[in-house]
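> Okay, sequence plus prediction incoming.
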Amino acid sequence: MQLSLLRHGATELSGAFRGSLDDPLTTQGWQQMWQGVQALSGVEQLVSSPLQRCCLFAEKLAFQQQLPLTLDANWQELHFGDWEGKTAAELMQTAEAELTQFWQDPLHFTPPNAEPLTAFIQRIEAALAQLQATCKGKHVLLISHGGVMRYLLLKARGLPLSHLLQIEVPHGSLFTIDYRHSLDGTEHV
């Protein structure tokens, strides 16, 4: 399976921890996404997070390209709990120590009432396994979020989890991962 990853464009709450908030794309965000897919070809299946910053673009692209589209909540962003809708600058004023802990070790520090990173990873791993089983041999475009893409790129690059927040995934950016299986069933990226 060839998996292309497109991050949603800028939203009305860009700069804040959005997580499960369903804020819309800005005009610039729409432009970023159209630019992101300009050179993309050969896609056979679209999969998207159901949050509007992803799925509204996915629906337009699916219609334009006459491609099947699946909306799957498993591809949603990490839920940031009490931090949703707040910027890092705001949190530096009210929860500086906790924000620093999260940035330094997101695996062992979970923001208040947020989804633990271990649960997020299990959700993404399950969704990836399902996608690989149903789309074997296809070129799939996944329209999703920064955290989802960071994890998939981290895994594909063979980096330790401690590098997760160091992976740059700008709005509207496109990356492609080629998953191949050898005769003994092991996966190669």
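That came through, no problem.
> Please make it C-alpha for all contacts and neighbour counts, starting now.
Noted.
> quick one: the spatially closest residue to N113 that is not a sequence neighbour from E115, how far?
Distances taken as Cα to Cα, 6 or more residues apart in numbering put G81 closest to N113, at 4.5 Å, once the chain neighbours are dropped. From G81 across to E115, the span is 7 Å (Cα to Cα, to the nearest Å).
> what bridges to L141?
Beta-bridge pairing of L141 under DSSP bridges involves S4, L46.
> Relative to L91, how far out is it?
In this structure, L141 and L91 are 34 Å apart, going by Cα to Cα.
> cool, and A97?
Counting by Cα to Cα, the gap from A97 to L91 is 9 Å.
> ditto for P106
16 Å.
> So for these two, which sits in the more crowded spot?
P106 (19 against 16; other Cα atoms under 10 Å).
> how long is stretch 19-27 end to end?
End-to-end distance of stretch 19-27: 20 Å, with Cα to Cα as the criterion.
> now stretch 140-159
Using Cα to Cα, the end-to-end distance of stretch 140-159 comes out at 23 Å.
> quick one: buried residues of it?
Residues of stretch 140-159 classed as buried: 140-154 (neighbour count, 16 or more other Cα atoms under 10 Å).
> Take these and keep only those in helices.
Cross-referencing the buried residues of stretch 140-159 against helices under DSSP state H gives 146-154.
> Just send the residues you listed back as JSON lines, with distance to G15 too.
Output for those, formatted as JSON lines (distance: Cα to Cα, whole Å):
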{"residue": "G146", "distance to G15": "12"}
{"residue": "G147", "distance to G15": "14"}
{"residue": "V148", "distance to G15": "17"}
{"residue": "M149", "distance to G15": "17"}
{"residue": "R150", "distance to G15": "17"}
{"residue": "Y151", "distance to G15": "20"}
{"residue": "L152", "distance to G15": "22"}
{"residue": "L153", "distance to G15": "22"}
{"residue": "L154", "distance to G15": "22"}
